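Asks: Got a predicted structure plus its sequence, pasted below:
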Amino acid sequence: MRHLHVGRSLSRSPAHRKALLSNLAQELFQHKRIRTTLAKARELRPFAERLVTKAKKGHLAARRHVLRFLSRKSVVKSLFEEIAPTYADRNGGYTRIIKLGSRVGDNAAMAIVELVGYEGVMAEKVKAAESKKAEKSAKKSGGSTTKPAREKKPPKKAESKAKPAAKSGTRKAPAATGKKAAKKSSEK
């Protein structure tokens with residue numbers, strides 16, 4: 001029985017679990033929203049919220065403490081300068097877990113983890129991507145429709161001659177090996 005064992009093991013060693021949680025937290029702080037399994041999301045929530053609370057303090061020791069868990073300095077910078085100030089008046093509850101259906105391959109329960117207050121960030125990214133695609137398609141249709149001619153490379157010379165086609169009915173049986181070969185040679 002797992003008495004007094006707090007948290008999920010996620011079928012990983014402690015070092016692997018720590019690396020997983022820090023990577024998930026980095027992705028959450030970078031993209032403001034991630035999609036993962038429900039068990040990982042529930043384990044990530046307190047980990048990420050502790051880091052945000054530490055970042056709200058804003059001093060050097062807090063930054064060094066957060067750097068123990070997050071390896072990307074750009075993510076730590078955005079956490080301290082962008083994310084933490086938005087939660088200055090909020091006491092906890094910085095993340096939200098939205099349950100999705102189950103995954104097709106293994107039927108695992110999926111969830112979205114997002115930072116509260118950053119719901120429109122993903123929509124802005126999607127709109128920006130769509131506008132880039134629209135510009136690209138407009139650029140293609142506005143320009144010439146013909147593709148530039150490619151240079152043809154000379155064909156490679158065959159180093160070995162092609163094997164002649166086997167005649168039907170003249171196939172030899174494979175040579176016997178091992179015990180069978182020894183038995184046949186002893187019979188002769």
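Replies: Sure, I can see it. Computed from a prediction, not measured in an experiment: that's the story for all the values here.

Asks: Who are the contact partners of the closest residue to residue 58 other than its chain neighbours?
Replies: Nearest residue to residue 58, sequence neighbours excluded (C-beta to C-beta, 6 or more residues apart in numbering): residue 80, at 6.3 Å. Placement of C-beta: from N, CA and C, glycine included. Listed by C-beta atoms under 8 Å, 6 or more residues apart in numbering, the contact set of residue 80 reads 55, 58, 63, 66.

Asks: which one of these is nearest residue 76?
Replies: Closest approach to residue 76 among the contacts of residue 80 (C-beta to C-beta): residue 66, at 5.7 Å.

Asks: Other residues contacting stretch 44-56?
Replies: Here stretch 44-56 has contacts from 21, 24-25, 28-29, 36, 62-63, 65-66, 69-70, 79-80, 83-84, 87-88, 92-95, 97, 113, using C-beta under 8 Å, 6+ apart.

Asks: hang on, the earlier thing: show me which of the contacts of residue 80 are buried.
Replies: 55, 63, 66 (16 or more other C-beta atoms under 10 Å).

Asks: May I have the predicted confidence score for the last one?
Replies: Meaning residue 66. Residue 66 is assigned a pLDDT of 97 by the prediction.

Asks: wait, it sits on residue 79?
Replies: Yes. Residue 66 is within contact range of residue 79, at 6.7 Å (criterion: C-beta atoms under 8 Å).

Asks: follow-up on the earlier one: for residue 63, see how far away the residue nearest to residue 58 is.
Replies: The gap separating residue 80 from residue 63 is 6 Å, by C-beta to C-beta, to the nearest Å.

Asks: which one is residue 32 nearest to, not counting chain neighbours?
Replies: In space, residue 32 is closest to residue 118, 4.0 Å off (C-beta to C-beta, 6+ apart).
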